[in-house]
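K.L.:
Quick one, structure for this:
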Amino acid sequence: MSVLTIDVGTTVIKSVVFDDRGTEIAVARRATEVLRPHPGWAEQDMAAVWDAVVHTVRTVLDGLTDPVWLVSFTAQGDGAWLVDDRGRPTGPAILWSDGRAGEQLGAWQRDGVLEAAFRRNGSLTCAGMPNALFSWLAAHDPDRLARSATSLTAAGWLFLRFTGVRATDESDASAPFLDHATGAYDPYILDLFGLGAYERLLPTVLGESQRIAEITTAAAAELGLPAGLPVVMAPYDIASTARGVGVVNPGQACSILGTTLCTEIVRTEIDTSGEPSGIHIAYRGRERVLRAFPTLNGAEVLGWAARLLHLPGPPELAQLAFESEPGARGLMFLPYLSPAGERAPFLDPGARGSFWGLSLEHRPADLARAVFDGLSLVLRDSLAAARTDVDELRLCGGGANSDAWCALIADATGVPTARSSDTELGAKGAFLTGLVRTGAETSMHSAAAKYVRMQRSWEPEPQRAEFYAALYDDFLRWRGLAREAGWRGRATWRGGPAAPGRPAEATGHPVDTTGTAPGGTLV
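P.N.:
From the prediction side, this is the model:
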């Protein structure tokens, strides 16, 4: 019999069927639209997300001869998917990548609130987390908060549609409100952010063994599934992906090369020491936590660079990049292109990207190589922030399909890298979670040992690893200079006539990619 899994990503929704050996036997994908009605905003139509789930499920089931006995799913995390008392959306979902609350975030940072919260639960708030979004809505759209009964995540929205149960799991609840010692919301954190009045919006937190319910008759009919099937809500996507690649034991690590470049390390307890950075995700009740550094800048940077260089997409960008040499012939790239800045392994809503050292001698291949070098050094930066030695970094996400990038990451981090034989690792993590929750497997450790298979590995080449260790020092130095200059320096776009329906101040960040700012910085 088969297991149906669903992975609701930010830009693509996937339904994947696994057989009883844990092999992918059918996959259906559908792109989703991220709405950006104002600068820095990132939203999705909640009904459109559900419709895409229905489409991919029906597509993947078409022609399937082996009956499905279990549904297990994962989804993007954070954000605010607000619904009323009848479970109807009160507006678009506000996503994890939304940057509208940047000013509030800056105020909390200056006032020491963010650090105080990190010292409490090991998670550093970013603009796309519920506390920041509640604060922004209270100031700018209080009517929506008044009309809303519950703030869900994407996974909570799916669980409601599948089963009628209004809840969240511990991984989604971890940042910013969870008390890791109790598995419940922490009143201290709510009061610290001045959000005690909005505790009513927080859904019930389901523990590791509670996130299973039967599919409703209505949902089963809509999806083309038998009524009464068990439905498991797996941890949110970055945690499910870690499980899918077999990172389940303390000290194991992985990096997701996707919309986010997310580096994750399994720990037995939270670490609130050092500079506040990243988040801690409840991973297995009170026994495990996942220290994660989910960046705001990842695959979208590759797409931007491909468009800049008039290439069809990231695969062609990678092909061009590796025509250049390590270090891109003296060209350095800071890959902070998200309008919301950066959140891991450091927090700065104003962070912006730049090329350093650009000259007339540089070729398109050098620009492409600098992009890959810069993103790879972000992974090294995350490992440094984790302050935990790892002996292998398992790679997953779309970027892991590039052998050359996997090898570059080994050199840039100084850590051996490996790639799974599976392609849909978030779905694989949901598969493993479903087996354990239904009792088909006794533990996540045994499930991973049985079903996770690695395909290939890369060792750091000593001379290149030494080169990238020195380049990382330069990377930090240039980033420090850019930060001191306010990231944008003198290159802030002053604007011209506004486009129809768009405010003149809509893009207050550099948009001219054809010239150089003082100091040879492409802006």
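
K.L.:
Need the residue closest to the centroid of the protein.
P.N.:
For the chain, the residue nearest the mean C-alpha position is Thr260 (4.4 Å; Cα atoms, centre = their mean).

K.L.:
For it, give me its contacts.
P.N.:
Going by Cβ atoms under 8 Å, 6 or more residues apart in numbering, Thr260 touches Ile238, Pro294, Thr295, Leu296, Gly298. Using the backbone N, CA and C atoms, a C-beta is placed for each residue, glycine as well.

K.L.:
Among those, give me the pair with the biggest separation.
P.N.:
Greatest spatial distance among the contacts of Thr260 (Cβ to Cβ): Ile238 and Leu296, at 13.1 Å.

K.L.:
What is the burial count for the nearest residue in space to Leu375 that is not next to it in sequence?
P.N.:
Of all residues not flanking Leu375 in the chain, Pro335 sits nearest, at 5.3 Å (Cβ to Cβ, 6 or more residues apart in numbering). Residues lying near Pro335 (other Cβ atoms under 10 Å) number 27.

K.L.:
ok, Pro335 touching Asn297?
P.N.:
Yes. Under the criterion of Cβ atoms under 8 Å, Pro335 makes contact with Asn297 at 5.2 Å.

K.L.:
what's the overlap in contacts for those two?
P.N.:
Contacts common to Pro335 and Asn297, judged by Cβ under 8 Å, 6+ apart, are Gly353, Leu375, Val378.

K.L.:
which SSE is the last one in?
P.N.:
Yep, that's Val378 we're talking about. Here Val378, judged by DSSP states H and E, is contained in helix 364-386.

K.L.:
Name the strands paired with the helix or strand following that helix and say parallel or antiparallel.
P.N.:
Sequence order places strand 393-396 as the next helix or strand after helix 364-386, per DSSP H and E. Paired with strand 393-396 in the same sheet, following DSSP bridges, are strand 253-257 (parallel), strand 417-420 (parallel).

K.L.:
Please work out which of these is packed deepest.
P.N.:
Of the strands paired with strand 393-396, the one with the most neighbours on average (mean count of other Cβ atoms under 10 Å) is strand 253-257, at a mean of 28.

K.L.:
so how far is it from its chain's centroid?
P.N.:
Distance of strand 253-257 from its chain centroid, counting by Cα atoms, centre = their mean, to the nearest Å, is 11 Å.

K.L.:
Over to stretch 402-418?
P.N.:
On Cα atoms, centre = their mean, the centre of stretch 402-418 falls 20 Å from that of its chain.

K.L.:
Repeat that for stretch 360-373.
P.N.:
26 Å.

K.L.:
avg pLDDT for that stretch?
P.N.:
Stretch 360-373 shows a mean pLDDT of 98.

K.L.:
does Val415 count as helix, strand or coil?
P.N.:
Secondary structure assignment for Val415 (DSSP: H, G, I helix; E, B strand; the rest coil): coil.

K.L.:
ok so, going back, which neighbouring elements make contact with the helix holding Val378?
P.N.:
Contacts defined by 3 or more Cβ pairs under 8 Å, 6 or more residues apart in numbering; DSSP states H and E place helix 364-386 against strand 253-257, strand 261-267, strand 288-294, helix 299-308, helix 314-321, strand 332-334, helix 403-413, helix 462-484.

K.L.:
just these: most buried one?
P.N.:
Burial of the helices and strands packed on helix 364-386 is given as mean neighbour count (mean count of other Cβ under 10 Å); strand 253-257 ranks first at a mean of 28.

K.L.:
Alpha carbons of that one, as CSV, please.
P.N.:
C-alpha atoms of strand 253-257 as CSV (Å, rounded to 0.1, in the frame of the first residue of the first chain):
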residue,chain,number,x,y,z
ALA,A,253,23.5,18.6,10.0
CYS,A,254,22.1,19.5,6.6
SER,A,255,21.7,22.6,4.4
ILE,A,256,18.6,23.2,2.2
LEU,A,257,19.6,24.9,-1.1
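
K.L.:
quick one: contacts of stretch 448-462?
P.N.:
Stretch 448-462 is contacted from outside by 21-22, 243-246, 248, 392, 394, 403, 406-407, 409-411, 413-422, 428, 431-432, 441, using Cβ under 8 Å, 6+ apart.

K.L.:
again, only this time at 7 Å
P.N.:
Defining contact as Cβ atoms under 7 Å, 6 or more residues apart in numbering, one finds that stretch 448-462 is touched by 22, 243, 245-246, 248, 406-407, 410-411, 414-421, 432.

K.L.:
buried set for that stretch?
P.N.:
Using 16 or more other Cβ atoms under 10 Å as the test for burial, stretch 448-462 gives Ala448, Tyr451, Val452, Trp458, Pro460.

K.L.:
do the same with stretch 162-173
P.N.:
For stretch 162-173, the neighbour count (16+ other Cβ under 10 Å) marks Phe162, Thr163, Val165, Arg166, Ala167, Thr168, Asp169, Glu170, Ser171, Asp172, Ala173 as buried.

K.L.:
could those residues be laid out in CSV, adding distance to Asn121, pLDDT and secondary structure?
P.N.:
Shown next, in CSV, are these (distance: Cβ to Cβ, whole Å; pLDDT from 0 to 100; DSSP: H, G, I helix; E, B strand; the rest coil):
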residue, distance to Asn121, pLDDT, secondary structure
Phe162, 29, 97, helix
Thr163, 28, 97, helix
Val165, 25, 97, coil
Arg166, 24, 97, coil
Ala167, 20, 97, strand
Thr168, 16, 96, strand
Asp169, 16, 93, strand
Glu170, 12, 94, helix
Ser171, 13, 94, helix
Asp172, 14, 95, helix
Ala173, 11, 95, helix
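
K.L.:
Let me have these in TSV, extended by distance to Glu361.
P.N.:
Formatted as TSV, those follow (distance: Cβ to Cβ, whole Å):
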residue	distance to Glu361
Phe162	57
Thr163	61
Val165	61
Arg166	60
Ala167	58
Thr168	53
Asp169	53
Glu170	53
Ser171	48
Asp172	49
Ala173	52
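
K.L.:
with those in mind, which one is nearest to Ala370?
P.N.:
Using Cβ to Cβ, Ser171 comes nearest to Ala370 of the buried residues of stretch 162-173, at 34.8 Å.

K.L.:
Excluding sequence neighbours, find me the nearest residue to the closest one.
P.N.:
Among residues not flanking Ser171 along the chain, Pro235 sits closest, at 3.7 Å (Cβ to Cβ, 6+ apart).

K.L.:
ok, the one you found - contacts?
P.N.:
With Cβ under 7 Å, 6+ apart, Pro235 has these contacts: Thr74, Asp169, Ser171, Thr433.

K.L.:
Could you do Ala400 as well?
P.N.:
Residues near Ala400 by Cβ under 7 Å, 6+ apart: Leu257, Cys406, Arg419.

K.L.:
just Phe159 next, same as before
P.N.:
By Cβ under 7 Å, 6+ apart, the contact list for Phe159 reads Val165, Ala167, Met233.

K.L.:
Using CSV, please lay out the strands paired with strand 393-396 together with distance to Thr272.
P.N.:
CSV is the format used below for the strands paired with strand 393-396 (distance: least, Cβ to Cβ, whole Å):
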stretch, distance to Thr272
strand 253-257, 20
strand 417-420, 29
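
K.L.:
Tell me which of those strands lies nearest to Thr388.
P.N.:
Among the strands paired with strand 393-396, the nearest to Thr388 by Cβ to Cβ is strand 253-257 (7.8 Å).

K.L.:
ok, residues contacting the closest one?
P.N.:
With Cβ under 7 Å, 6+ apart as the criterion, strand 253-257 contacts 238, 241-242, 245, 247, 261-265, 379, 390, 393-400.

K.L.:
Quick check: ChimeraX command selecting the buried ones in those.
P.N.:
In ChimeraX, a selection of the buried entries from these looks like this (16+ other Cβ under 10 Å):
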select :238,241,242,245,247,261,262,263,264,265,379,390,393,394,395,396,397,398,399,400
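
K.L.:
Would you check that Thr272 makes contact with Arg119?
P.N.:
Yes. In this structure Thr272 lies within contact range of Arg119 using Cβ atoms under 7 Å: 4.9 Å.
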